[in-house]
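Visitor: I'll drop the sequence and a predicted model, then ask my questions.
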Amino acid sequence: MDFDKPPAQPQYPEGCLAVAIRVPVRIVVLVLVVPVRLVWDALTVAGRFLSRTVLRPLGRALRWLGRALFVWPFAALWRWVVVPAGKALGWLGNVLAVVPALWLHRYVLTPLGHGLARGARAVGAALQWLYARVLAPLGRGTAWLLRGAGLLLAAAGAGVFAVMAWLARYLLVVPARWLYAWVLAPVGRALAWLVVAVVTGLGAVLYWTARVLLVLPALALWRRVLVPVGRVLAVVVRETGEALGHAWRIAGRISRVVGRVLGTLLRWIFVEPVRWVYRTVLTPVGHVVRDHVLRPAAAAARVVGRSARQALAAARDTVRQARADLRRTLLGEPRPPAAVDRREPGGRGTRTLGRSTTALTKD
């Protein structure tokens, strides 16, 4: 059994409407799609040819031009101007700002800060003594006096508050509770029941009115009109989509056949005659020109070049000999170099490549 093959889709019986729509729709769509597919394939081939022969070389040229105009000058400017200038400015800043600032911090601000810190510590000690010996006892005495006055005022306020609370309870709260329990609550319940009854009846009337006037006609319109029309439109749209896909595939095959026919015609009209002319005319002519014109000309050029080089070498030797004779006539014979003892062994003691002189290979 073939487990990799997907399960076949179940075939459902089609209605007469789908069959009646399919054939004319496919014919019309095929007539409309074939020119579009031909134009599309032609544009695709032209675009690929243009991209391969024009756009890519142009892009490479523009990239090289961009590098030559922007990247390389800015890189050279950065390397040979900005970086040395930055280093010089950094050195000047270090010499003119950092070193004086360090000297000022070390020899001026640090001693001054130490002196100010000692003065601040002395002032702080004086303030601490003043707080501990003068302000703290004075504050404790003042707080004790204020605490006693506060206790007296609190006791008086508590008595007044108790009297006011008792008067408010029996003059306001008790009558208000009785009024709410025996008057307002029964009246509110009656009004709430009346409002609920009115709203319920009005809601029932509006519900049945909306159901009869809106819901039932809309439901009938949906079931009797919109659903059948939607099914017909769904069938038309589905068949149109399938027809477009089918026509696009058929148009692709037609376009491929047309392209092959045009390629064959171009090959037999242009390429094959050019190849025949190249093979039967240009190649023999080129061989004849190469064998009877170019090679003898190259050989003659080599002979002339060799003769010219020999003449130049002879002239150079003549000039060198004349210069040596003139130097010898004017300055005399040069002194022979003095012999120098190089501490080298002589005679048969010298090792050579053609004779074995080692202890193992000596005769």
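Guide: Right, received. Where do you want to start? Residues are numbered from 1 along each chain as shown.
Visitor: which residues sit against stretch 256-265?
Guide: Under the contact criterion C-beta atoms under 8 Å, 6 or more residues apart in numbering, stretch 256-265 has outside partners Leu38, Asp41, Val45. Using the backbone N, CA and C atoms, a C-beta is placed for each residue, glycine as well.
Visitor: Kindly recompute the last result at 10 Å.
Guide: Residues from elsewhere that reach stretch 256-265, judged by C-beta atoms under 10 Å, 6 or more residues apart in numbering: Val34, Arg37, Leu38, Asp41, Ala42, Val45, Val271.
Visitor: ok, the fourth one - contacts?
Guide: Yep, that's Asp41 we're talking about. Ala251, Gly252, Ile254, Ser255, Arg256, Val258, Gly259.
Visitor: rewinding a little: between the contacts of stretch 256-265, which has the most around it?
Guide: Neighbour tally across these (other C-beta atoms under 10 Å): the maximum, 21 neighbours, falls on Arg37.
Visitor: Please name the residues that touch Arg290.
Guide: Ala298.
Visitor: What degree of burial does Ala243 show, as a neighbour count?
Guide: Burial of Ala243 is recorded as 21 neighbouring residues (other C-beta under 10 Å).
Visitor: now the one 5 residues further on
Guide: The local packing count at Trp248 equals 16, with neighbours defined by other C-beta under 10 Å.
Visitor: Verify the stated contact: it with Val36.
Guide: Yes. The pair Trp248 / Val36 is scored as a contact, 8.7 Å apart, by C-beta atoms under 10 Å.
Visitor: if we can go back for a sec, which entries within the contacts of Asp41 meet the buried criterion?
Guide: Neighbour-count burial (16 or more other C-beta atoms under 10 Å) is assigned, among the contacts of Asp41, to Ala251, Gly252, Ile254, Ser255.
Visitor: Show only the entries of the residues you listed found in helices.
Guide: The helices, defined by DSSP state H, take in Ala251, Gly252, Ile254, Ser255 from the buried ones among the contacts of Asp41.
Visitor: what pLDDT does the last one get?
Guide: Per-residue confidence for Ser255 comes out at a pLDDT of 81.
Visitor: residues contacting it?
Guide: By C-beta under 10 Å, 6+ apart, the neighbours of Ser255 are Val34, Arg37, Leu38, Val39, Trp40, Asp41, Ala42, Thr44, Val45.
Visitor: The third one now?
Guide: Residues in contact with Ile254 (C-beta under 10 Å, 6+ apart) are Leu30, Val33, Val34, Arg37, Leu38, Asp41.
Visitor: Show the contacting residues for the fifth one.
Guide: Residues in contact with Leu38 (C-beta under 10 Å, 6+ apart) are Ala251, Gly252, Ile254, Ser255, Val258, Gly259.
Visitor: Pick the one among those closest to Val123.
Guide: Proximity of the contacts of Leu38 to Val123 (C-beta to C-beta) peaks at Gly252, which lies at 97.8 Å.
Visitor: distance of the closest one from Val31?
Guide: Separation of Gly252 from Val31 (C-beta to C-beta, to the nearest Å): 16 Å.
Visitor: where's Ala190, which helix or strand?
Guide: Applying DSSP states H and E as the criterion places Ala190 in helix 185-210.
Visitor: now do Ala311
Guide: Using DSSP H and E, Ala311 maps to helix 295-331.
Visitor: to the chain's geometric centre, what's the distance from stretch 198-214?
Guide: Chain-centre distance of stretch 198-214: 62 Å, with C-alpha atoms, centre = their mean, to the nearest Å.
Visitor: Could you list the alpha-carbon positions for it in CSV?
Guide: Output of stretch 198-214 as CSV, limited to C-alpha atoms (Å, rounded to 0.1, in the frame of the first residue of the first chain):
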residue,chain,number,x,y,z
VAL,A,198,-45.1,49.5,33.5
VAL,A,199,-41.6,48.7,32.1
THR,A,200,-42.4,45.0,31.8
GLY,A,201,-45.7,45.6,29.9
LEU,A,202,-44.1,48.2,27.6
GLY,A,203,-41.1,45.9,26.9
ALA,A,204,-43.5,43.0,26.0
VAL,A,205,-45.4,45.3,23.6
LEU,A,206,-42.2,46.5,22.0
TYR,A,207,-40.8,43.0,21.7
TRP,A,208,-43.8,41.6,19.9
THR,A,209,-44.1,44.7,17.7
ALA,A,210,-40.4,44.4,16.6
ARG,A,211,-40.7,40.7,16.1
VAL,A,212,-43.8,41.1,13.9
LEU,A,213,-42.6,44.1,11.9
LEU,A,214,-38.8,43.4,11.7
